[in-house]
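K.L.:
Need the 3D shape of this:
(2 chains)
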Amino acid sequence: MPDSDTIERHTVAVLVDNEPGVLARVIGLFSGRGYNIESLTVAEVDRSNSLSRITIVTSGTPMIIEQIKAQLSRLVPVHKVHDLTDEGPSVEREMALIKVAGKGEARIESLRLADIFRARVVDSTTESFVFEMTGSGEKLNAFISLMVPLGLVEVSRTGTVAIARGSGTF
Amino acid sequence: MSAEPICGADIVIKALVDQGVDVVFGYPGGAVLPIYDSLFKQNALRHILVRQEGGAVHAAEGYARSTGKVGVVLVTSGPGATNAVTGLTDALMDSVPVVCLTGQVPTHLIGNDAFQEADTTGITRPCTKHNYLVKDVNDLARVLHEAFYVAKSGRPGPVVVDLPKDVLFALGNYVGPQQVAHKSYRPQTKPDPARVAEAIEMIAAAKRPLFYGGGGLVNSGLEACARFTEFVRLVDAPCTLTLMGLGALPASDPHFLGMVGMHGMYESNMAMHDCDLMIAVGSRFDDRVTGRLSAFSPGSKKIHIDIDPSSINKNVRVDLPLLGDCNEVMGALLQAWKKAAPHSDTKARHAWWRKIDAWRARNCLRYDGSRRDLIKPQYALERLYALTRERDPFITTEVGQHQMWAAQFFKFDKPYHWMTSGGLGTMGYGLPAAVGVQVAHPDSLVIDIAGEASILMNIQEMSTIAQYRLPVKAFILNNQYMGMVRQWQELLHGGRYSESYTAALPDFVKLADAFGAAGRRVERPDELDDAILQMIEEPRAVILDVVVDQTENCFPMIPAGAAHNEMLLGPADKAQQPVSEEGMVLV
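P.N.:
Below you'll find the predicted structure:
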C-alpha cells in the first residue's frame, strides 16, 4: 500500500443484516471517527436472508481508507466489505429526479437537452417537467448545471450505487 | 426447545445460568422488576447489589478481568442505563467482556417519552461492541446467547441487551446455547502460516529486537501469556508491556524491562526508540505509548499481532500484520521457531543487551526519600508491594498519579492480577472494580490503590462492601490534590493550580467506621509498615489513608508531544525546550 497523504475517493459496498439500527451503526462510525461520507445508499437486496447492501462513497488517505474498511468489517451485523475502487473495474450509477419550471423557449430548450442527455420525462405540466436521469455523478452534475438557467427548481438524487464488472460476485 | 413456554424474565435467568454465570452485579428498578422477581425464586445466580449502576459495570469489569470470564450487569431503564454508560465505554476501550442487561419501558411506550425511558440502544451504540433491543420474547434466548458469544469472541467488549418490560412478562420458548450460532460474526483467530514463517525470519534476523505486549495477551488468556513468556525466553529478547499488559510476562523475568509509555520505564522507552524490530503482541500503539508519532521508533521494522484488523495500521504503519488470537499466533510462532531453530547474530544481540543494561543503570524510578517526616508515595507503594507480594494480591487502581506509581512499583508475575482503567482513564474505577474482584476471589487479598480524589467518585460502594462483608482494602495515597492534574498544571500551566486542590476532604477513618470498615491514617514513614501489616491482617474491609508528599510528581515522564528519547527522569531534569504548542493541546 502506498504510504501517502493523497486523498483518494473510494466506493465501498457493505453487505449487512437488515436489522434495526444497522444504518445508524454505519453512519455513527463515520461521524464518530471523523471519516467523510460523499454519498450513501441502502436497500434490501436479499429478502430471504434479510440482507441489505450499503454503498458508500468516501474519501481519505490510503491509511484512512484501510481503517474505514477495517472498522466497517468489525461491526457485528456486517457480513462483507468490498472496496470496488480497489478490486478491479466496476460500474457506478446514480439516478436523479430533476424538476424544471418555465415557459416558452426555456421550456423547449430543457426538453431538447434532456433528449441529448437521455433523460426521460416522468411528469409534465404546461409549466414544468420532471426529468428522470441515470448515469455517473458527473453526467448528472453536468445536466443539472445546464438546467439552472432554464428554470431548475428542485433536485432529488439517489447517491451512487455500484457493482463489480464481470461474472464474479461477493 | 423446552416443552413449556416460560416468561421472558425466566428465560433471562435460564440463559444466564446456561452461560455459566454465577454472579450478576445490578440495581433494581421498575422496568426490570420481573427479572428481580425471577431472581428471588432461584438459587443458581447470586446478585450483588451495588449502590450506583456505574459501580455495577466496573464491578463486572473487575470480575471479568480477574477471572477471564464474562462479567454480567443488570440495571433498569432510563437512569439505570445512562448511569452504566461510563462503565460500558470503559469496557469498550479496555476490551473487557461484559454483558449488560438493561430494562426498557414496554414496547408500546417506546418513543413516547415514557417515565424512565431512554433510547438505550441509541445511547450505547458507540460505547458497546454491539447492542440489541429485544421486541419479541421468542428472540430473547437467542439474543442473550449471541450477546455472550459476541462479548467474548474476537476482541472482547461490552454488549447491551435492552429488555422491554412486556417482553419480560410475555410467555415464550427457551433455546439453549448449543442451538444458537451467530449468522455472520466469525473473527479470524488462526494466523496465516506464510506470515508466521515471515515473522520467524524477521525475528531471527533482528539485531535489536523488542517485544511489546499489551492487554490483548491478558484477554487471550493464561495459555497465551504462558506461550508469550516461553517465546520471549526462546528468542532471548527484551520485552516491555503496556499498562494493560502487566503480568502477561512475569515482572521477575530478566527479559522484562518494565512498563512502556508516558510514565513507563526509561529502558523500555529507549529500547522502543532504538530497536530494529518491534514485535507488538495484543497492543495497539496507543498515544500514551507512542509519544510523538513522527519520532516513534524511527529505525524499526514492526510486526503487529492482533485479533482486531482495525488496530493494524491505525496509528503506526507496520511491516508485517499477523491477524489472529494471541494464543493461536504465539502457539504457531513457538512451533515454527522450534522447528526452524534459527541462529541469531549473537554479537549484535549481546551489544543490544549491553545497551539496555546501561539504560537500566540510570535507575529511572529513583526518588528523594531522605525526609523522615514525610511519606513519599513511591515509598508507600514499595512497602505495600514488599509486605503483600507473598499474598499474591489482586490490585485495582483509580486513575492518576497513584495509578502510574502502582504500575511502576508493583511487580506482577501473573496475569489477571492487575485491574486498571487504561483506555478511558475512569476515575472511580478502582473501588467498584475491587468489589467485583473480591466477589470472584473471596479468600484473596484485594487492594484498591487509590487517590483521595478518585475514590470519592464511587465511594458509595463502601456500602456494597459492607453488605457482602467483602474484605477489600483501600490504600489511599492522599495528597489532597488531583495529583496528575496538579502535575500538568505545574509543568504546563505555570503552576496555576486551578481547582485541583480538594478542600473539605472527609475524615477517611470516620468514613470507614461509618461503613463498618476499619480505618487508619498514617502520616510518618515509620508508621507505614505497621499500618500495612495491620491492614492485611484485618478481616474486615479497610481504608488506609496514607498522607503523602503533596508536591511529588510522577517520573519518568515523556512530556506531551515529545519522543521516547526526550524522556524526563526527574524534577531536576526539566525539559530542554518548553512544550510545543502542538504538545500543549495533547491530553
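K.L.:
only C-alpha atoms for contact and neighbour calcs from this point on.
P.N.:
OK.
K.L.:
Let me see the ranges of the helices in chain A.
P.N.:
A:22-32, A:62-73, A:104-116, A:137-147 (DSSP state H).
K.L.:
Kindly report the same for the stretch 51-200 of chain B.
P.N.:
Along the stretch 51-200 of chain B, the segments classed as helices by DSSP state H, counting those that start in this stretch run B:53-67, B:79-83, B:85-93, B:120-124, B:137-152, B:165-169, B:193-205.
K.L.:
how about the residues of chain B near chain A?
P.N.:
B:125-126, B:129-130, B:150, B:184-185, B:308-310, B:313-314 (CA under 8 Å from any CA of the partner chain).
K.L.:
Can I get the least confident helix or strand in chain B by mean pLDDT in PDB? Just the C-alpha atoms.
P.N.:
Within chain B, confidence by mean pLDDT, DSSP states H and E is lowest for helix B:581-585 among all helices and strands, at a mean of 78. Listed in PDB are the C-alpha atoms of helix B:581-585, where the atom choice follows Å, rounded to 0.1, in the frame of the first residue of the first chain:
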ATOM      1  CA  GLU B 581       2.000  24.400  21.100                       C
ATOM      2  CA  GLU B 582       1.200  21.100  19.500                       C
ATOM      3  CA  GLY B 583       2.200  19.300  22.700                       C
ATOM      4  CA  MET B 584       0.100  21.600  24.800                       C
ATOM      5  CA  VAL B 585      -3.100  20.600  23.100                       C
END
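K.L.:
Show me what counts as buried in it.
P.N.:
For helix B:581-585, the neighbour count (16 or more other CA atoms under 10 Å in any protein chain shown) marks B:G583 as buried.
K.L.:
elements contacting that helix?
P.N.:
Applying 3 or more CA pairs under 8 Å, 6 or more residues apart in numbering or on different chains; DSSP states H and E, one finds that helix B:581-585 contacts no other helix or strand.
K.L.:
So what's the gap between that helix and the chain middle?
P.N.:
27 Å (CA atoms, centre = their mean, to the nearest Å).
K.L.:
what residues does that helix touch?
P.N.:
Taking contacts as CA atoms under 8 Å, 6 or more residues apart in numbering or on different chains, the residues outside helix B:581-585 that touch it are B:492, B:559-562.
K.L.:
before we move on, back to that, using TSV, please lay out the helices of chain A together with mean pLDDT.
P.N.:
Output for the helices of chain A, formatted as TSV (pLDDT from 0 to 100):
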stretch	mean pLDDT
helix A:22-32	96
helix A:62-73	96
helix A:104-116	96
helix A:137-147	97
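K.L.:
Quickly compare those helices and say which is most buried.
P.N.:
Ranked by mean neighbour count, those are led by helix A:62-73 with a mean of 20 (mean count of other CA atoms under 10 Å in any protein chain shown).
K.L.:
Does chain B have contacts with that helix?
P.N.:
Yes: on the criterion CA under 8 Å from any CA, helix A:62-73 is in touch with chain B at A:63, A:67, A:70-71.
K.L.:
so what's the residue of chain A at minimum distance from chain B up against?
P.N.:
In chain A, the residue that lies nearest chain B is A:A70 (4.6 Å; CA to the nearest CA). Shown in contact with A:A70 (CA under 8 Å, 6+ apart): B:309-310.
K.L.:
so A:A114 sits right up against A:R120, yeah?
P.N.:
Yes: with contact defined as CA atoms under 8 Å, A:A114 counts as touching A:R120 (7.0 Å).
K.L.:
what is in contact with these two at once?
P.N.:
With CA under 8 Å, 6+ apart, A:A114 and A:R120 have common neighbours A:F131.
K.L.:
Using JSON lines, lay out the helices of chain A together with distance to B:M462.
P.N.:
Formatted as JSON lines, the helices of chain A follow (distance: least, CA to CA, whole Å):
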{"stretch": "helix A:22-32", "distance to B:M462": "36"}
{"stretch": "helix A:62-73", "distance to B:M462": "40"}
{"stretch": "helix A:104-116", "distance to B:M462": "75"}
{"stretch": "helix A:137-147", "distance to B:M462": "62"}
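K.L.:
what does chain A put close to chain B?
P.N.:
Counting by CA under 8 Å from any CA, the residues of chain A near chain B are A:25, A:28-29, A:32, A:63, A:67, A:70-71, A:74-79.
K.L.:
Among the residues you listed, give me the pair with the biggest separation.
P.N.:
Across the residues of chain A next to chain B, the longest distance by CA to CA is 23.7 Å; it joins A:M63 and A:P77.
K.L.:
B:S297 sits in which helix or strand?
P.N.:
Here B:S297 sits in a region with no helix or strand, counting by DSSP states H and E.
K.L.:
Count the residues that sit near the residue nearest to it when sequence neighbours are not counted.
P.N.:
Once flanking residues are discounted, B:S297 sits nearest to B:H273: 4.1 Å by CA to CA, 6 or more residues apart in numbering or on different chains. By the criterion of other CA atoms under 10 Å in any protein chain shown, B:H273 has 20 neighbours.
K.L.:
which other residues reach the longest strand belonging to chain A?
P.N.:
Assignment by DSSP state E gives strand A:90-101 as the longest strand of chain A. Strand A:90-101 is contacted from outside by A:84, A:107, A:110, A:127-137, A:140, A:144, A:147, A:150-165, using CA under 8 Å, 6+ apart.
K.L.:
where's B:L456 relative to B:G430, distance?
P.N.:
According to CA to CA, to the nearest Å, B:L456 stands 11 Å off from B:G430.
K.L.:
Which one's more surrounded, those two?
P.N.:
B:G430 (33 against 16).
K.L.:
one step back: buried only: go through the residues of chain B next to chain A for me.
P.N.:
If you count burial by 16+ other CA under 10 Å, the buried members of the residues of chain B next to chain A come out as B:125-126, B:129-130, B:150, B:185, B:308-310, B:313-314.
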